[in-house]
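[1] Pasted the sequence and its predicted model underneath.
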Amino acid sequence: MSHLVAPSLLSANFLNLEKDIEMLNQSEADWFHLDVMDGMFVPNISFGFAIIEKIRKTTRKFLDVHLMIVDPERYLERFKNAGADLISIHMEACRNPAEALKTIRSLHAKAGIVINPATPVKVLESVISEVDMVLLMSVNPGFGGQSFMPGTFDKIAGLKQMIRLQQRDILVEVDGGIDLQNAAALVESGVDILVAGNTIFASADPMKTIHQLKNIC
Ligand code: DX5
Ligand code: ZN
């Protein structure tokens with residue numbers, strides 16, 4: 001599979017979201033990456049169900065919902081009903097991640113687990129059998145436009161090794177500080193999905209930037 005590009009709408013223009021969604025619909029973007037923040041797990045608050053429902057009505061592309069919220073099990077069904085195709089929860093934010101991942105799958109959504117830069121890949125051993133995707137944060141979550149943390153590359157290597165032992169397809173997504181300089185090395189190291197916010201929405205020609213990320217190697 002060639003890699004996928006998932007623009008993060010956190011950096012989109014919320015006063016004219018429809019225009020940015022139309023641009024993404026016309027573009028080579030594969031997924032929409034939607035960052036939900038509760039002001040508790042991360043020091044920022046973004047958006048929730050109402051916005052996701054509206055986005056669902058405006059695109060047929062796959063909705064990748066990244067939950068940066070404490071105790072996400074409280075809201076899994078509502079995110080699925082709002083239109084999520086994949087729901088990712090943070091290992092650090094959840095009391096029983098394996099159980100929550102099972103619930104996501106029982107709702108007929110894809111299940112993703114996320115770890116912060118400071119969390120070692122080893123903790124994923126207890127949940128890897130329950131996931132469709134692992135998201136490695138390459139910045140501390142909460143804000144767009146931060147710099148990529150190079151330590152991510154070692155974590156990708158460790159994760160790929162863990163996935164090989166599972167003998168089934170588990171996607172690897174990286175999120176935070178991805179740009180036209182580091183994207184090729186990420187894909188070459190085995191990343192399946194590149195999330196990008198600032199690189200796309202702050203560029204002079206977002207559609208062209210998506211094309212470049214999609215054809216980076
Ligand atoms: C950060 C979010 C990211 C963010 C990425 O907490 O999870 O998805 O929007 O933005 P950039 O690509 O600007 O680092
Ligand atoms: Zn994200």
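    Good, I have the coordinates. Ligands and ions are numbered 1, 2, ... in the order given.

[2] for the closest residue to H3 other than its chain neighbours, what are its contacts?
    Take H3 and drop its neighbours on the chain: the residue closest to it by C-beta to C-beta, 6 or more residues apart in numbering is V187, 4.8 Å away. Where you see a C-beta, it was placed from the backbone N, CA and C, and this is true even at glycine. Applying C-beta atoms under 8 Å, 6 or more residues apart in numbering, one finds that V187 lies in contact with H3, L194, I216, C217.

[3] Ok, D169 next?
    Contact criterion C-beta under 8 Å, 6+ apart gives no residues in contact with D169.

[4] In this structure R95 contacts V70, no?
    No: R95 sits out of contact with V70 when judged by C-beta atoms under 8 Å, with a separation of 9.6 Å.

[5] So those two - more neighbours on which side?
    The neighbour count for R95 versus V70, taken as other C-beta atoms under 10 Å, is higher for V70 (16 against 9).

[6] per-residue pLDDT, C217?
    According to the predicted model, the pLDDT of C217 comes to 88.

[7] Quick one: residues contacting it.
    Remark: with contacts taken as C-beta under 8 Å, 6+ apart, C217 is in contact with A184, V187, E188.

[8] Can you name the helix or strand that the first one falls in?
    Take DSSP states H and E as the rule and A184 turns out to sit in helix 183-188.

[9] just the strands in this structure please.
    Chain-ordered strands for the chain, with DSSP state E as the definition, fall at 4-7, 31-37, 62-68, 86-90, 110-115, 133-137, 171-175, 193-196.

[10] could you dump those strands to JSON lines with mean pLDDT and mean neighbour count?
    As requested, the strands of the chain are exported to JSON lines (pLDDT from 0 to 100; neighbours: other C-beta atoms under 10 Å):
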{"stretch": "strand 4-7", "mean pLDDT": "98", "mean neighbour count": "26"}
{"stretch": "strand 31-37", "mean pLDDT": "98", "mean neighbour count": "24"}
{"stretch": "strand 62-68", "mean pLDDT": "99", "mean neighbour count": "24"}
{"stretch": "strand 86-90", "mean pLDDT": "99", "mean neighbour count": "26"}
{"stretch": "strand 110-115", "mean pLDDT": "99", "mean neighbour count": "22"}
{"stretch": "strand 133-137", "mean pLDDT": "99", "mean neighbour count": "25"}
{"stretch": "strand 171-175", "mean pLDDT": "98", "mean neighbour count": "23"}
{"stretch": "strand 193-196", "mean pLDDT": "99", "mean neighbour count": "26"}
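
[11] In TSV, list the ones you listed along with distance to ligand 1.
    Putting those into TSV (distance: least, C-beta to the nearest ligand atom, whole Å) gives the following:
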stretch	distance to ligand 1
strand 4-7	9
strand 31-37	5
strand 62-68	5
strand 86-90	10
strand 110-115	8
strand 133-137	7
strand 171-175	5
strand 193-196	5
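
[12] Turn these into a markdown table, columns for distance to ligand 2.
    Formatted as a markdown table, the strands of the chain follow (distance: least, C-beta to the ion, whole Å):
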| stretch | distance to ligand 2 |
| --- | --- |
| strand 4-7 | 9 |
| strand 31-37 | 4 |
| strand 62-68 | 4 |
| strand 86-90 | 8 |
| strand 110-115 | 8 |
| strand 133-137 | 7 |
| strand 171-175 | 4 |
| strand 193-196 | 6 |
